[in-house]
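Asker: here is a sequence with its predicted model. Questions after.
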Amino acid sequence: MPTDPSTTVRPRHAADTVSGAVLLGATANVIMQLARPGVGHGVVESRVDRGNLMIHPLHRLRTTSTYLSVTMLGDPRDVRDYRRAVGRSHAQVRSTPSSPVAYDAFDRELQMWVAACLVRAFEDTWALLEGRPGQWLPDDVYLQCASLGTGLQVRPEQWPADRAAFERWWDAELEHVHLDDTVHAYLWRLVRQEFLPAPLRRATGRASAFFTAGFLPEPFRSMMGFTWSDADQGRFETTMRRLGAVLRRAPTPVRSLPYNAFLTDMRVRRRLGMPLV
């Protein structure tokens, strides 16, 4: 759905539009990212254990959320320092002769795909919270999201010039998505939350699966094998719209959680000489 001319969202930072609600669609967004084979096998085969969600879920949550915080809320020094830290980890993520697909964490096309998926997460969450599912972000807010890619190796000229150009780019890129059995099985482990203790998994499993399916657009929902009805869609949109009504009444520091907290954590770590990633 194109941008509505009556849209009034003009946040200083795109992160202000969605707050922590974007975390509800985190698993769905990981599925979208890993549906690009180079990204999927780069994650599944990664030899960087500290970044492995199945082994260190809290560490992975911190590093990923910190990257979002730094690129959307940080200053140039924050971006530069975190880029260097991420680069040291990414240097270890590259395919081997036994890998079914070639990949390299410094591949700008793969990084562009990951950043584009993050844009979709921000946009879809914002639109649902506003009760406007399918609505595009205004161009000025969309352009703020370019930092999600340029915060790493994506070049500014790679970023589509406006939201309509992004849509054309996205549609063309869908030709490259595919889930083989290895990545598909890994993603279902995420959906089942196998990285969580059993009691917590039982308590949150149904809600997590519901939000994951709800945030997945086609063709990703079908690729994963989710069943989803019109009634499910209506319940999902109603839940998100009600959540949006609550968040709009919250003060800005609350709406900015957890990103403002992760940015503060990164700056404290830097001051103390601790690892950023």
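Answerer: Received, thanks.

Asker: quick check: closest non-adjacent residue to D124.
Answerer: Excluding the flanking residues, the one nearest D124 by C-beta to C-beta, 6 or more residues apart in numbering is F215, at 6.3 Å. In short, each C-beta sits where N, CA and C put it, glycine included.

Asker: same check, this time on L148
Answerer: A115 (4.2 Å).

Asker: correct me, but that neighbour touches Q153?
Answerer: No - contact between A115 and Q153 fails when scored by C-beta atoms under 8 Å: they sit 10.3 Å apart.

Asker: which of the two has more neighbours?
Answerer: Higher neighbour count among A115 and Q153: A115, with 23 against 18, using other C-beta atoms under 10 Å.

Asker: report the secondary structure state of the more buried one.
Answerer: helix (DSSP: H, G, I helix; E, B strand; the rest coil).

Asker: can you show me the helices along the stretch 51-200 of the chain?
Answerer: 57-73, 76-90, 108-129, 139-144, 147-150, 163-173, 181-191, 198-215 (DSSP state H, counting those that start in this stretch).

Asker: got a list of what the residue nearest to D124 touches?
Answerer: Contacts for F215 (C-beta atoms under 8 Å, 6 or more residues apart in numbering) come out as L24, G25, A28, N29, A121, D124, T125.

Asker: any chance of the residues you listed in a markdown table, with neighbour count, pLDDT and distance to T238 too?
Answerer: Output for the contacts of F215, formatted as a markdown table (neighbours: other C-beta atoms under 10 Å; pLDDT from 0 to 100; distance: C-beta to C-beta, whole Å):
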| residue | neighbour count | pLDDT | distance to T238 |
| --- | --- | --- | --- |
| L24 | 22 | 89 | 14 |
| G25 | 24 | 91 | 16 |
| A28 | 27 | 95 | 18 |
| N29 | 24 | 93 | 22 |
| A121 | 25 | 91 | 20 |
| D124 | 24 | 94 | 16 |
| T125 | 24 | 92 | 15 |
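
Asker: enumerate the positions of the worst-scoring helix or strand of the chain on mean pLDDT that are buried.
Answerer: In the chain, the helix or strand scored least confidently by mean pLDDT, DSSP states H and E is helix 252-255, which has a mean of 79. Buried residues in helix 252-255, defined by neighbour count with 16 or more other C-beta atoms under 10 Å: R255.

Asker: that one packs against which elements?
Answerer: For helix 252-255, there is no helix or strand it packs on, judged by 3 or more C-beta pairs under 8 Å, 6 or more residues apart in numbering; DSSP states H and E.
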